[in-house]
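> sequence first, predicted model second:
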Amino acid sequence: MSEILYIFYILPYIAFAIFIAGVIYRIINWAKSAVPLKVPTTAGQQPSFKFIRRTWVDKIDSPSNKFWAFVRMLFEVFLFRSLFRNTKYYVEKGGKNADTRWLWLFAMLFHYSLLIIVIRHLRFFTNPTPKFVSMIEYLDGLVGVAIVPPLLMTGVLALVALAFLWGRRIFLAKERSISLPSDHLILFFMAVILVSGLLLRYVVKVDLSYVKMFALSIITFHPPSPEVLNNLHWLFLIHFTFVCITIAYLPFSKVMHFAGVWFSPTRNMPNDNRMRRHVNPWDPNPEVPILARVGIVVDGQVFKSKKLDWNTYYEMYKDQLDEIAENNYVLKPEL
Amino acid sequence: MSEVPEKLEIKQKFPLWNKWLKPVTEKDYKSGFYSYMALPKQVDSEFFKMPFGDVVREPLEKDWKLPENWKNIILNEMKDTLEKNRAFKVFMDICVRCGACADKCHYYIGTGDPKNMPVMRAETVRSVYRYYFTPFGKIFGKWAGARPLTEEVIKEWYYYMFQCSLCRRCSLFCPYGIDTAEIVWWTRRLLSRIGINQRFMCISIEASSRTGNHLGLYAGGMAGAIQQGLEELKDITGFELHTYINKKGADVLFVAPSADYFATPHWYVMLGYLLLFNELEERYGITITWSTYASEGGNFGTFHSYEAAQLLNSKIYKEAERLGVKFIIGGECGHMWRDKHQFINTMNNLPKNEEWRKFWDDPDLGQISGGLKGIRLDDFISGEHGWIHILEFVAALIKHKKIDIDKSRNDHWKATYHDPCNVARGMGMLEEPRYVLRNVMNHFYEMPEHTIREKTYCCGAGGGMLADELMELRMRGVMPRMMALRYVVKKYGVNIMLTPCAIDKAQFPAAVEYWKIPVEIGGPMEMVGNALVLTALGEKPEDRKYDLRGTPIREEE
């Protein structure tokens, strides 16, 4: 019987292999794609004459060089800068805009709670547990010390935020309409993981020593003894399996936004177009426009436009251009 | 021109994913929302030849006469696009459908059509991408939000890719910076590879590729138009002014959107340019020339494809080189500045003339005239590029007190300022126009905070949407801007909305008429022209009796 349980020992390796390979593949795939134009969305005053005032918000939102573009990325990734602008438009109130930064708030709560939860889980994979992990767990439990084990705030917050984020996809017509099955699927995975985790801690109060032995066996590549496996709670196995499935699923899902956002040309490029020329890798020396140089090749056929250079233009409109020249290139009011 | 009903109703619909995966086809097209398709004379022209453009196509007909191999062409081109443009690829992959972009789109707000949400507009393309380019899409099909490429999908793309003005407001709010304009722009490029092009933008692209400007003006016509401006200025100011055209050896090349030569209210801005150029020449000896070859600042190619954009903007650096100028000043236009700020120096090699190089070694206007010493263009632009916006230029002139201003001449105007989308989000020129306006007029008021600066609402006609057949879409799309305008009109008595964008100036007069807002439309340079005292020519502040529209400046006493 316990031999079958070794599946759970193999599972995380498979999941991680898929995850790592998948993420690397996706990143390389994005990186390989060319960036033809420098197209930042400028969300603030451009770098300009010294007498034009630029606040620090402008410097971040309309970065003048790579350093500030990097700062902009940090704000985007760690503080969800763009989502912080969120508003809702009310047609019926004559275009009144209402602040809807609650989306930002719950997104922040959800993501940061998850981050802290993941860090807290390091205590299972390390021996002895590093100071900062115990510290974070201690701080996390400060508010909820009244019960045993202490109620960790991030677990609760993540669940609330998840309920909120899923709830808007279910109850709000617009969000329901734009949601695909995959949007619900990933939320379902998260819900199972969160709920089972909370149950394990507060209701089942599972024996953590075996869980830790199991976790350490994974991290140290030493298969666990059958005793450890036999003593793992079934709810833990569900929790664990869903974590593995989710990890393996990530590279194929929209969750890749965590990596993709770094590649977003509207955010990661500085607004210095007029200072530094951007070279298009597939059109590096555009002496003659593509349409007149090679044309468009479709299905073996070439569609080439005639080039309107000055000489061609002059030949076409010679009389009129000569008249302008006769007047010495000056225009004056006729009397 | 399609009739717009007096009363618009916004019907919001929220179909579930399995419903919206079914494409919207020509049977569902609504008049006022779909564009006409380009004719052979536009896309099979000698100077602008698009694949399979030799066929007349009618959007409402069932048979779109696509080339036999259309499916392979699209899929190959899509693969090519994924390799050629990282933005397109990343944006196909990382959307989480959070919905932050949805009600940021003026077309979605105005129409309520679910596929006008930026996220859904992109999903119409993403669903096809998933089907052919992702493992989950291949395996799970519909359940992974994927669908095969069919002629119906092409029709849906045509409908929705041409209901986007590329204003990028959604990209501002997207937590990953997903830019619908990138997706739409490159999908339009895909469509152009099987002969599907929008007529409105292609008329202008073809005209510009053949004559140098969108209007298809010949050299003589353009010269005549500017000349007429000089005549009008003679009536208004009493001075005999002049300007240069195609002049070799001028210091600066000036490039404006061609609408400025004819259309109203663009015309008043044109008069403003001419006044400024004359004062500068008389006072500092700086010569500024127009060009009939590089007679178009705007670039409708930027609505169509990379290649079309390059075809049109390639002329300008060439002309700068031929004329031997030191730098280029650009006029008031929105998408022009996306092109001139973000595209042109990537799409083209820089001018190689001696004057240009020498000027940019130490880009101080003192090189041109001792009187302008101290105005340094490398504060924000360097020799790499050589473009300066007329309002940046004027701001510097005002700051350094190089021109004389009489603010009181604009006292009959109470103005507000509309940020053109591309100038705001594709360039970041937010403060310069405001600096200029505060210095040339006494009454300047801002619209509500969420509708200005980088959050500015589109006029609803950019990106090729200025077509007459899209009138209902335009009037709906402009609604958020009109609500903001109505607010300041009521609150402060604003009587003019200024905007440095040629498309805005064409769209807003129609829009304020439809939405019944008693306000004029103009450009900042018109106000500069009004307030500019032609000191060098001997004008005194009190001399000017009429503004550039010919209305008396001061009440008769």
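It's in. Numbers count the residues shown, from 1 in each chain, chains lettered A, B, ... in the order given.
> count of residues packed around B:G374?
Neighbour count for B:G374, taken as other CB atoms under 10 Å in any protein chain shown: 12. C-beta coordinates here come from the backbone N, C-alpha and C atoms, glycine included.
> that one is in contact with B:D364, isn't it?
Yes. If you go by CB atoms under 8 Å, B:G374 and B:D364 touch, sitting 7.2 Å apart.
> okay, now the closest residue to B:M483 other than its chain neighbours: neighbour count?
What sits nearest to B:M483 in space, not counting adjacent residues and going by CB to CB, 6 or more residues apart in numbering or on different chains, is A:G95, at 3.3 Å. Number of residues near A:G95 (other CB under 10 Å) recorded here: 22.
> now B:L274
For B:L274, the count of nearby residues is 23 (other CB under 10 Å).
> so who does it touch?
Neighbouring residues of B:L274 by CB atoms under 8 Å, 6 or more residues apart in numbering or on different chains: B:226, B:229-230, B:233, B:241, B:243, B:529.
> can you pull the phi/psi pair for it?
Note on B:L274: its backbone torsions stand at phi -60, psi -40 [degrees, to the nearest 10].
> which of the helices or strands spans residue 72?
No chain in the question, so chain A it is. helix A:66-79 (DSSP states H and E).
> chain B was what I was after
helix B:70-84.
> show me what that helix packs onto, helices and strands only.
Applying 3 or more CB pairs under 8 Å, 6 or more residues apart in numbering or on different chains; DSSP states H and E, one finds that helix B:70-84 contacts helix B:86-93, helix B:118-133, helix B:151-161, helix B:180-192.
> taking helix B:151-161 as reference, get the angle to it.
Interaxial angle of helix B:70-84 relative to helix B:151-161 (axes from the mean of the first three to the mean of the last three CA atoms, to 10 degrees): 50 degrees.
> hmm, the helix holding A:R72 in reach of chain B?
Yes. Residues of helix A:66-79 contacting chain B under CB under 8 Å from any CB of the partner chain: A:E76.
> so which bits of the following helix or strand past that helix are buried?
For helix A:66-79, the following helix or strand on the C-terminal side (DSSP H and E) is strand A:87-90. Under the neighbour-count criterion of 16 or more other CB atoms under 10 Å in any protein chain shown, strand A:87-90 has A:87, A:89 buried.
> and the contacts of B:L274, which of them are buried?
Buried among the contacts of B:L274 (16+ other CB under 10 Å): B:226, B:229-230, B:233, B:241, B:243, B:529.
> sorry, back to before: quick check, nearest of the contacts of B:L274 to chain A?
Comparing the contacts of B:L274 against chain A with CB to the nearest CB places B:L230 closest, at 4.3 Å.
> next one: the helix or strand hosting the closest one to chain centre, how far?
Assigned by DSSP H and E, B:L230 belongs to helix B:219-237. Once both centres are worked out by CA atoms, centre = their mean, to the nearest Å, helix B:219-237 turns out to sit 25 Å from its chain's centre.
> show me what that helix is packed up against.
Counting by 3+ CB pairs under 8 Å, 6+ apart, helix B:219-237 packs on helix A:318-326, strand A:330-331, strand B:243-245, helix B:266-284.
> ok so, going back, residues touching the residue nearest to B:M483, list them.
A:89, B:451, B:479-480, B:483-484, B:487.
> among the helices and strands packed on helix B:70-84, which is nearest B:Y34?
helix B:151-161 (5.7 Å; CB to CB).
> next, the buried residues of that closest one.
Across helix B:151-161, burial judged by 16+ other CB under 10 Å covers B:151, B:153-161.
> in which helix or strand does B:R322 reside?
Going by DSSP H and E, B:R322 is part of helix B:306-323.
> give me the most central residue, chain B.
B:H335 (2.7 Å; CA atoms, centre = their mean).
> mind showing which ranges of chain B have poor pLDDT?
Residue ranges of chain B with pLDDT under 70: B:1-2, B:379-383, B:555-557.
> one more time with 50, if that's ok
Counting by pLDDT under 50, the ranges of chain B that qualify are B:1, B:557.
> let me see the domain layout of it.
B:17-203, B:207-402, B:407-543 (automatic domain parsing).
> so who does the closest residue to the residue nearest to the centre of chain B other than its chain neighbours touch?
Leaving aside its sequence neighbours, B:H335 sits nearest to B:N422 (CB to CB, 6+ apart; 4.8 Å). By CB under 8 Å, 6+ apart, the residues touching B:N422 are B:167-168, B:334-338, B:462, B:501.
> hmm, 6 Å instead?
By CB atoms under 6 Å, 6 or more residues apart in numbering or on different chains, the contact list for B:N422 reads B:334-335, B:337-338.
> mind putting those residues in TSV, secondary structure included?
Listed next are the contacts of B:N422 as TSV, based on DSSP: H, G, I helix; E, B strand; the rest coil:
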residue	secondary structure
B:G334	coil
B:H335	helix
B:W337	helix
B:R338	helix
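> will you turn the domains of chain B into JSON lines that also has distance to A:F221?
Shown next, in JSON lines, are those (distance: least, CB to CB, whole Å):
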{"stretch": "domain B:17-203", "distance to A:F221": "29"}
{"stretch": "domain B:207-402", "distance to A:F221": "50"}
{"stretch": "domain B:407-543", "distance to A:F221": "52"}
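> from B:T451, how far out is the residue of the stretch 51-200 of chain A found nearest chain B?
Residue of the stretch 51-200 of chain A nearest chain B, by CB to the nearest CB: A:G95 (3.3 Å). A:G95 is 8 Å from B:T451, where distance means CB to CB, to the nearest Å.
> kindly report the same for B:V423.
Counting by CB to CB, the gap from B:V423 to B:T451 is 15 Å.
> ditto for A:I52
22 Å.
> same check on A:P149?
To B:T451, A:P149 is 52 Å away according to CB to CB.
> and the two? Which one has more around it.
B:T451 (21 against 13).
> care to break chain A down by domain?
A:2-268, A:290-326.
> about what we covered before: check which helix or strand the residue nearest to B:H335 maps to.
Secondary structure here is read from DSSP H and E; on that basis B:N422 sits in helix B:421-425.
> put the alpha carbons of that helix into PDB.
The C-alpha trace of helix B:421-425 is given here as PDB (Å, rounded to 0.1, in the frame of the first residue of the first chain):
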ATOM      1  CA  CYS B 421      -4.400  61.000 -26.600                       C
ATOM      2  CA  ASN B 422      -1.200  60.500 -28.400                       C
ATOM      3  CA  VAL B 423       0.400  63.700 -27.200                       C
ATOM      4  CA  ALA B 424      -0.500  62.800 -23.600                       C
ATOM      5  CA  ARG B 425       0.100  59.000 -23.600                       C
END
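> moving C-terminal from it, which element do we reach first?
Downstream of helix B:421-425 (by DSSP H and E), the next one is helix B:431-440.
> quick one: contacts of that following helix?
In contact with helix B:431-440 (CB under 6 Å, 6+ apart) are residues A:45, A:52, B:391-392, B:394-395, B:398, B:405, B:444, B:524, B:527-528, B:531.
> same question for it: list its buried residues.
Of all the residues in helix B:431-440, those buried under the rule 16+ other CB under 10 Å are B:431-437, B:439-440.
> repeat for stretch A:190-199
Quick answer for stretch A:190-199 (16+ other CB under 10 Å): A:190-194, A:196-199.
> can I get these in JSON lines including pLDDT, secondary structure and distance to B:L271?
Listed next are the buried residues of stretch A:190-199 as JSON lines, based on pLDDT from 0 to 100; DSSP: H, G, I helix; E, B strand; the rest coil; distance: CB to CB, whole Å:
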{"residue": "A:M190", "pLDDT": "94", "secondary structure": "helix", "distance to B:L271": "63"}
{"residue": "A:A191", "pLDDT": "94", "secondary structure": "helix", "distance to B:L271": "65"}
{"residue": "A:V192", "pLDDT": "95", "secondary structure": "helix", "distance to B:L271": "69"}
{"residue": "A:I193", "pLDDT": "94", "secondary structure": "helix", "distance to B:L271": "68"}
{"residue": "A:L194", "pLDDT": "94", "secondary structure": "helix", "distance to B:L271": "67"}
{"residue": "A:S196", "pLDDT": "93", "secondary structure": "helix", "distance to B:L271": "73"}
{"residue": "A:G197", "pLDDT": "92", "secondary structure": "helix", "distance to B:L271": "71"}
{"residue": "A:L198", "pLDDT": "91", "secondary structure": "helix", "distance to B:L271": "72"}
{"residue": "A:L199", "pLDDT": "91", "secondary structure": "helix", "distance to B:L271": "76"}
